[in-house]
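Colleague: fold the following, please.
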Amino acid sequence: MFTKTLALTLGLLSSMSFASVSNIEVRQAFDGRAASCSTQDDYIRLMRSGAYRISQPIIEMVQDSRLSVSFEVISLECEKKSDSEFGWKVIAPTETLEYPFVVFRDGVSEEVTVQVERKDPEVHLTNDEQAGLATAPVLPSRGGGYAASLEFDLLEAMNLNQVNQMDAGEVVRVRLGVFQRSMVRHLSSDGTETDFRQNTSGMFFIFFDISKENDKFVVEIAQK
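Modeller: Numbers count the residues shown, from 1 in each chain. Down below sits the predicted model:
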């Protein structure tokens, strides 16, 4: 959904002995395309849903095999500034989107304004087989933006083959999927409205490498 592959710093906050971790890969996925906001087609494609990205992920070892992952969730609107100028605008994940829409009645066209109300944003964490690991709400952060924090069992993020490889002393590449869901409804200035329905946004992937030393998990840099 957002513009490009992101190489972000991922800090490790733990009193246990772990390797230094940086440049963890965070990649956007969905239909294989990155979202853009530079043309009328982009605006039409995104005006009903907006876009989002995740930023500044941090992983912390909680206990045993349990980890927590937290990150900023940045919601965006493709804004039409003029007939030929478009650009991203940072908005709250619950902010109402608004766009013009043309309806036809008895052969006559009429432009109405449609509002997209959004509520209850949350993020979901999955393993590489799309099995759910954790869910958490998107909440205001201390820095003035929005963030989410999820806790999961590292062993559930890996398949049996990966666990066996790790136990045999190998380094295992782990991929976590992150996507956002919200409840959404549409209200038109002509009185038409829909019920709230669940809307699912595109997927991001977080990559990192895991191994074990003296029965302790070690997180390492995920190299391309």
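Colleague: Lys139 against Leu150, yeah?
Modeller: Small correction: residue 139 is Leu, not Lys. No - with contact defined as Cβ atoms under 8 Å, Leu139 does not reach Leu150; the gap is 12.0 Å. For the C-beta atoms, the positions are set from N, CA and C on the backbone; glycine is no exception.
Colleague: report the separation between Ser55 and Val219.
Modeller: Using Cβ to Cβ, to the nearest Å, we find Ser55 at a distance of 19 Å from Val219.
Colleague: ramachandran coordinates for Ala147?
Modeller: Backbone torsions of Ala147, given as degrees, to the nearest 10, read phi -150, psi 170.
Colleague: should've said Gly145
Modeller: Per-residue torsions, Gly145: phi -100, psi -140 (degrees, to the nearest 10).
Colleague: got it, and Gly144?
Modeller: phi 100, psi -10.
Colleague: one step back: the more surrounded of Leu139 and Leu150?
Modeller: Ranked by neighbour count (other Cβ atoms under 10 Å), Leu139 and Leu150 place Leu150 first, with 19 against 13.
Colleague: now do the nearest residue to Phe179 once chain neighbours are set aside against Arg173, distance only.
Modeller: Nearest non-adjacent residue to Phe179, counting by Cβ to Cβ, 6 or more residues apart in numbering: Met203, 4.6 Å away. Here the criterion is Cβ to Cβ. By it, Met203 lies 17 Å from Arg173.
Colleague: shaky segments in the protein?
Modeller: Scanning the chain with the threshold set as pLDDT under 70 gives 1-33, 220-224.
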